[in-house]
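>>> the following comprises the amino acid sequence and a computationally predicted model.
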Amino acid sequence: MQLRLRTKLTLVMSGLVLLVVAAVSLVYFALLLQQVLDQSQKRAQDIATSTFDQVKRALRDAEAQGWRPESNAPEDIRDYVAYALGASQGLQAQLQTAVVASSIYEVSITDHEGRLLASTDKSLVGKFAMRRPPLTQLTQRGILHQIKVLAGPPGIYEYQYPFSIGGEPCEAHVAVSSGLLLTNEILPIVRKLGTIVLLALVISTVLAAVVSRAALAPLARISEQLDRISAGQYDMPVPEVKGFAGSGDELGQVSRKISQVGQQLRGVHEIFSTMRENMNSVMAGLEDGLLLFTRDARAVMVSPAAEKFLGAPAGQFLGRRVTDIFPIGHPLRDALHLEGDELREVAAEIELKTTEGEKRVSVTVQGIQEDGERMGALLTLRDLDSIESINTQLQVSERLAALGRITAGVAHEVKNPLNSMRLWLENLKESLPEDSDSGAKQAVQVLDKEIDRLDAVVKRFLDFTRPMDVRLEPTQLAQLLGEVLEIAQPQMQKANIQVARLLPIDVPEVYVDRDLLKQAVLNLVLNAGESMPSGGQLRLVLSRRGEMAEISVGDTGKGIPPEHRQKIFQLFFTTRPGGSGIGLASTFRIVQLLNGSIDFTTEVGKGTTFRIELPLAA
């Protein structure tokens, strides 16, 4: 989640205050902890001294009452002292009062063997005392060790006060519990410090929020100014900066400079918008795929036509490095001779699988330099097959146009002599006697047939060159193609040809002349059937290609030899015995009249596929 600057400043200032308070609190806690431990040790010393005084008083009271040990044996003396101490009310009161202290766990007196003579726990009297670590191990160590001990499992430390009774060494033991010390004396201090830290944090957060809001208020107005500039409002007045930031300080100067930059950006924006519109118009009309790379090999411009070569929308490649666009294994990577992120100048041709199928593609890289320094590179991808196809169609169109002009004139000039020849031939037939030889009659019959054949050729010339009356109307191609198959069905069944159709009804309508398009497709279907005299499969497929509808007519015939492919749309060119050579030329002409295009792919021995592309209805 992105935090606002005001929130960040509030958190930073609160964090700094918390850090300072925490550091001071730690120092203060360390001092208080040492003070508490020192007081615990002093308390233990005072209790030990007071206990010693009570021991001496108890022995004096026992002597005053005439109590004596039964003998001078150590056991009798120990029993005498233990009895005297146990009978002393002052000592017992002292012991019970000592354990009332917050951190005192136990107070006891032992002889030189470590046997308990008196204790706050009377059940332990006469037993050997437990050995415990000295209290100095807690009070005289470092702060970290002290915190570790207090935070760990509760432990018992003791203060030992040596003295002697009747010349025998004894000791007063004051045991201190780290658990009691933590619970009764240290934790209250920690709670107070925590309360102080929490109050400091709350107060500092409130103050930081107030200060940051007041300090950043001018930035909010400057941000609004930048938003207006980014929205194209370059001439808005400079906002008056108040609060902590006046009109003469740094923020006020920044606001004025932003206004000046906005005015400069207005002119740059107008120039850039014009250039971008012109560039987009130029790029949209290009058939070549263009990719412009910066000095560090990042794509900053990708033309729409590059999509068919790269197989993805152009917007996906903007800002990406050339090695990301052409990763290892990409067919274009080897052609570009990529080494790292550097694009070298190259010119090559490769076979590339595009969205339109396998294509022969020209790949060129041109370096862009300014003042002798390399600024970037321009990669151009050109579809050579499409260029050759367009050139072929242009050549065919030019030939058909020239042929049409010639044949129109020739047909009219030949028509009149043919009519005269026919009239005179009829007169000749009538003038021949009935008993004339068969050779003369046969010659007349041959002339008559040849004149009829020549007249049919002239009629076909005139039909082909005569302007067509095109009537465009919205047409559902799936329905039209279905009608074509119904017309051709008898011939397909007679030739034992299987028809495979794929005619989706969701392809949008096109504006065409129904009769002309039906005739054009029928010509292709009949030609496909005639190319399979021994049977085969006819494929009729309708699909959408962007803003174009594609009609595909394929067969499994013998294919078109390479030497005939350039002539396939020429008038009167045919490889079929008895063929007229007009069908494909007429189809080519009809498709051009409908603002479409026609192309074919063929493979000898496997068949031919013709494709007609027509623009969809707007």
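Looks like it came in fine. Numbers count the residues shown, from 1 in each chain.
>>> can we go C-alpha only for contacts and neighbour counts from here?
Noted.
>>> how about the residue nearest to residue 301 when sequence neighbours are not counted, phi and psi?
Using C-alpha to C-alpha, 6 or more residues apart in numbering and skipping the chain neighbours, the partner closest in space to residue 301 is residue 292 (5.0 Å). Here is the backbone geometry of residue 292 (degrees, to the nearest 10): phi -100, psi 130.
>>> repeat for the one 4 residues further on
As for residue 296, its main-chain torsions (degrees, to the nearest 10) stand at phi -90, psi 20.
>>> burial measure for the residue nearest to it when sequence neighbours are not counted, as a count.
In space, and not counting its chain neighbours, residue 296 is closest to residue 341: 7.2 Å by C-alpha to C-alpha, 6+ apart. Neighbourhood size, residue 341 [other C-alpha atoms under 10 Å]: 14.
>>> which residues does residue 341 contact?
Contacts for residue 341 (C-alpha atoms under 8 Å, 6 or more residues apart in numbering) come out as 296, 297, 321, 322, 323.
>>> just the pLDDT for the second one.
pLDDT for residue 297: 80.
>>> average pLDDT for the helix or strand harbouring residue 378?
Applying DSSP states H and E as the criterion places residue 378 in strand 373-383. For strand 373-383, mean pLDDT is 79.
>>> give me the contacts around that strand.
So strand 373-383 is contacted by 287-297, 306, 309, 343, 359-369 (C-alpha under 8 Å, 6+ apart).
>>> so how far is stretch 9-17 off the chain centroid?
Centre-to-centre, stretch 9-17 and its host chain are 35 Å apart (C-alpha atoms, centre = their mean, to the nearest Å).
>>> got it, and stretch 107-119?
With C-alpha atoms, centre = their mean, you get 80 Å for stretch 107-119.
>>> could you export it as PDB, CA atoms only?
What follows is stretch 107-119, C-alpha atoms only, in PDB (Å, rounded to 0.1, in the frame of the first residue of the first chain):
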ATOM      1  CA  VAL A 107      17.000 -16.100  56.300                       C
ATOM      2  CA  SER A 108      19.000 -18.700  58.100                       C
ATOM      3  CA  ILE A 109      22.000 -19.300  60.500                       C
ATOM      4  CA  THR A 110      24.500 -22.200  60.000                       C
ATOM      5  CA  ASP A 111      27.400 -23.600  62.000                       C
ATOM      6  CA  HIS A 112      30.900 -24.300  60.600                       C
ATOM      7  CA  GLU A 113      29.600 -27.600  59.100                       C
ATOM      8  CA  GLY A 114      26.800 -25.900  57.200                       C
ATOM      9  CA  ARG A 115      24.000 -27.300  59.400                       C
ATOM     10  CA  LEU A 116      21.100 -25.000  60.000                       C
ATOM     11  CA  LEU A 117      20.800 -23.600  63.600                       C
ATOM     12  CA  ALA A 118      17.900 -21.300  62.900                       C
ATOM     13  CA  SER A 119      15.800 -20.500  59.800                       C
END
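>>> got the buried residues for that stretch?
By 16 or more other C-alpha atoms under 10 Å, the buried positions in stretch 107-119 come out as 107, 108, 109, 110, 111, 114, 115, 116, 117, 118, 119.
>>> which ones among these map onto helices?
Using DSSP state H, no member of those falls within helices.
>>> and those residues, which is closest to residue 553?
Comparing the buried residues of stretch 107-119 against residue 553 with C-alpha to C-alpha picks out residue 107 as the nearest, at 111.9 Å.
>>> find the nearest non-adjacent residue to that closest one, please.
Nearest to residue 107 is residue 174, by C-alpha to C-alpha, 6+ apart, at 4.6 Å.
>>> now do the contacts for the one you found.
Per C-alpha under 8 Å, 6+ apart, neighbours of residue 174: 44, 45, 47, 48, 104, 105, 106, 107, 108, 158, 159, 160.
>>> reformat those as CSV; add pLDDT, distance to residue 27 and secondary structure.
Formatted as CSV, these follow (pLDDT from 0 to 100; distance: C-alpha to C-alpha, whole Å; DSSP: H, G, I helix; E, B strand; the rest coil):
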residue, pLDDT, distance to residue 27, secondary structure
44, 84, 26, helix
45, 87, 27, helix
47, 85, 30, helix
48, 86, 32, helix
104, 85, 27, strand
105, 83, 29, strand
106, 86, 32, strand
107, 87, 33, strand
108, 88, 36, strand
158, 88, 27, strand
159, 88, 27, strand
160, 88, 31, strand
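>>> could you report the pLDDT at the closest residue to residue 115 other than its chain neighbours?
Once flanking residues are discounted, residue 115 sits nearest to residue 128: 4.2 Å by C-alpha to C-alpha, 6+ apart. If you check residue 128, the pLDDT there is 86.
>>> pretty sure residue 128 is in contact with residue 112, am I right?
No - Residue 128 is beyond contact range of residue 112, at 10.7 Å (criterion: C-alpha atoms under 8 Å).
>>> restricted to strands, list the contacts of strand 373-383.
When the contacts of strand 373-383 are checked against strands (DSSP state E), the matches are 289-294, 359-369.
>>> whichever of the residues you listed end up buried, select them in PyMOL.
To isolate in PyMOL the members of the ones in strands among the contacts of strand 373-383 that are buried, counting by 16+ other C-alpha under 10 Å, one can use:
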select buried, resi 289+290+291+292+293+294+359+360+361+362+363+364+365+366+367+368
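>>> how far away is the spatially most central residue of the chain from residue 378?
Geometric centre of the chain, nearest residue: residue 316, 9.8 Å, by C-alpha atoms, centre = their mean. Distance check for residue 316 against residue 378: by C-alpha to C-alpha, to the nearest Å, it reads 18 Å.
>>> the strand holding residue 378 to strand 289-294, inter-axis angle?
170 degrees (axes from the mean of the first three to the mean of the last three C-alpha atoms, to 10 degrees).
>>> put the alpha carbons of strand 373-383 into PDB.
C-alpha atoms of strand 373-383 as PDB (Å, rounded to 0.1, in the frame of the first residue of the first chain):
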ATOM      1  CA  GLU A 373      27.200   9.100 -31.600                       C
ATOM      2  CA  ARG A 374      24.900   6.100 -31.800                       C
ATOM      3  CA  MET A 375      21.500   6.900 -30.500                       C
ATOM      4  CA  GLY A 376      19.600   3.800 -31.300                       C
ATOM      5  CA  ALA A 377      18.500   1.400 -34.100                       C
ATOM      6  CA  LEU A 378      15.600   0.800 -36.400                       C
ATOM      7  CA  LEU A 379      14.500  -2.800 -37.100                       C
ATOM      8  CA  THR A 380      12.400  -3.300 -40.300                       C
ATOM      9  CA  LEU A 381      10.500  -6.500 -41.000                       C
ATOM     10  CA  ARG A 382       9.200  -6.800 -44.600                       C
ATOM     11  CA  ASP A 383       6.900  -9.500 -46.000                       C
END
